[in-house]
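Participant: What follows is a predicted protein model with its sequence.
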Amino acid sequence: MLPVIDVAPLLGDSPTELRAKTCAVLHSACLEYGFFYLNISAFVDASEPEGLAALAHQFFDLPQDEKEKIALRNQDGARGYARLKENVTMGKADNHEGIDFYRPVENPDKTRPLWGENQWPAVPGFRQKYGIWVEKMKRLGMIVMRGMADGLGMTADEWEDLRKQIDDSFWVMRLIFFLLVGYPPLPADHDGVSCGAHRDYGCLTFLWTDPTRDALQVFMSGASPAESDTSGLPQEQGGEQGVWITANPIPGCVVCNIGEMWDIWTNGLYRATLHQVVHRSNNYRIPFFFEPNFDAHVRPLDAALRIQKKPPEKKPVIYGEFLMAKVGGNFDFKKGEGGGRY
């Protein structure tokens, strides 16, 4: 079972000891798992994401030609609607539909990768309510990042330097519909995975999902089968030994995982964890990716180096350059096709 962390002590005037304990638990979860649940009941009402899922349902129920009105090809190949199997993860087509939104940019240019304009469905209330969610998830990102900084033992000046790298987050939000009922069965040689094993690129992912169980799976390197639910999947991923555990939805919580930028920031102390989605049933998911600023200079943090007592080993990156190199295999920018980031 992944740790469950209540964000309430990080929100306001909580006792210093309670806040410090929460930050320590965050640090431990990042060290051991790279994945954890965030109880956000004190931050958002449970009905809010459920309302967002209802709006998504309205969109994905539209005729295909209506959905295609906001197709990826209309913009930069990244923002908009991705039809079934158009999204690619690790070179493999994913069995889901989705809509991708990115941080708005100055002087948008749809011929430039990632630099187009967001396309919003013509479903009443959709843009307004999802816009509110984006703002709340951006705030949550800053709150959790500050908690992690404190857990690492960063000084006030060190936190301020990190804050300047994330205060204009190049965020991404996805709406995903995994379709099973009413759709032809998966091919006989298919591995049953709707979104292939991958690590996220940036800072933090906040995932809200409907109550569907046994869909999200997290790879625990070195874990023994007795500790985990392997759900019939192999106990290896690449050259690593380990098992897949399920991260089932918990009411009032989002699943949070750290991305590859934290691997660099902590000089390998924190590791982005492999995860995948298994093709089980119709399933709605709303992941929000809280990322560094596009021009952020990401390098090992002094606080992590103090813990490790060793020199930096991870190469610094400019986040925007790192992102473009990563997504190059997911898009056909010239044709405006290819799918979303994850």
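Facilitator: Thanks, I have the structure now.
Participant: where exactly do the helices run in the stretch 201-342 of the chain?
Facilitator: 260-265, 302-308, 319-327 (DSSP state H, counting those that start in this stretch).
Participant: any chance of these in a markdown table, with distance to Ala156 too?
Facilitator: For every residue, glycine as well, the C-beta is placed using N, CA and C. Below are the helices of the stretch 201-342 of the chain laid out as a markdown table (distance: least, C-beta to C-beta, whole Å):
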| stretch | distance to Ala156 |
| --- | --- |
| helix 260-265 | 17 |
| helix 302-308 | 12 |
| helix 319-327 | 23 |
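Participant: Any idea which of those gets closest to Pro211?
Facilitator: Nearest to Pro211 among the helices of the stretch 201-342 of the chain is helix 260-265 (29.0 Å), distances taken as C-beta to C-beta.
Participant: With only the CA atoms kept, save that closest one in PDB.
Facilitator: What follows is helix 260-265, C-alpha atoms only, in PDB (Å, rounded to 0.1, in the frame of the first residue of the first chain):
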ATOM      1  CA  GLU A 260      12.400  13.000 -13.700                       C
ATOM      2  CA  MET A 261      13.300  16.600 -12.700                       C
ATOM      3  CA  TRP A 262      13.300  15.500  -9.100                       C
ATOM      4  CA  ASP A 263      15.800  12.900 -10.000                       C
ATOM      5  CA  ILE A 264      18.100  15.700 -11.200                       C
ATOM      6  CA  TRP A 265      17.300  18.100  -8.300                       C
END
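Participant: which of the helices of the stretch 201-342 of the chain is buried the deepest?
Facilitator: helix 260-265 (a mean of 23; mean count of other C-beta atoms under 10 Å).
Participant: Asn118 and Arg79 touch, don't they?
Facilitator: Yes: shown here, Asn118 and Arg79 form a contact pair, counting by C-beta atoms under 8 Å, at 5.2 Å.
Participant: who has more neighbours, the two?
Facilitator: Using other C-beta atoms under 10 Å as the criterion, Asn118 and Arg79 rank with Arg79 on top: 25 against 20.
Participant: In this structure, spot the helix with the most residues.
Facilitator: Counting residues, the longest helix found in the chain (DSSP state H) is helix 126-152.
Participant: Tell me the helices and strands packed up against the very next helix or strand once past that one.
Facilitator: Sequence-wise, the next helix or strand downstream of helix 126-152 (DSSP states H and E) is helix 156-163. Helices and strands touching helix 156-163, by 3 or more C-beta pairs under 8 Å, 6 or more residues apart in numbering; DSSP states H and E, are helix 126-152.
Participant: Apply 6 Å and report the result again.
Facilitator: For helix 156-163, there is no helix or strand it packs on, judged by 3 or more C-beta pairs under 6 Å, 6 or more residues apart in numbering; DSSP states H and E.
Participant: Please compute how far it lies from its chain's middle.
Facilitator: The chain centroid and the centroid of helix 156-163 are separated by 24 Å under C-alpha atoms, centre = their mean, to the nearest Å.
Participant: Show residues contacting it.
Facilitator: Contacts of helix 156-163 from elsewhere in the structure, counted by C-beta atoms under 6 Å, 6 or more residues apart in numbering, are Ala149, Ala303.
Participant: relative to helix 126-152, how tilted is it?
Facilitator: Angle between the axes of helix 156-163 and helix 126-152 is 150 degrees (criterion: axes from the mean of the first three to the mean of the last three C-alpha atoms, to 10 degrees).
Participant: what pLDDT, on average, does helix 156-163 get?
Facilitator: Averaged across helix 156-163, the pLDDT comes to 98.
Participant: Against which helices or strands is the helix or strand following it packed?
Facilitator: Elements were assigned by DSSP H and E; along the chain past helix 156-163, the next helix or strand is strand 172-178. Strand 172-178 sits against strand 97-102, strand 283-290, with contacts defined as 3+ C-beta pairs under 6 Å, 6+ apart.
Participant: do that again at 8 Å, thanks
Facilitator: On a contact count with 3+ C-beta pairs under 8 Å, 6+ apart, strand 172-178 meets helix 47-60, strand 97-102, helix 126-152, strand 283-290.
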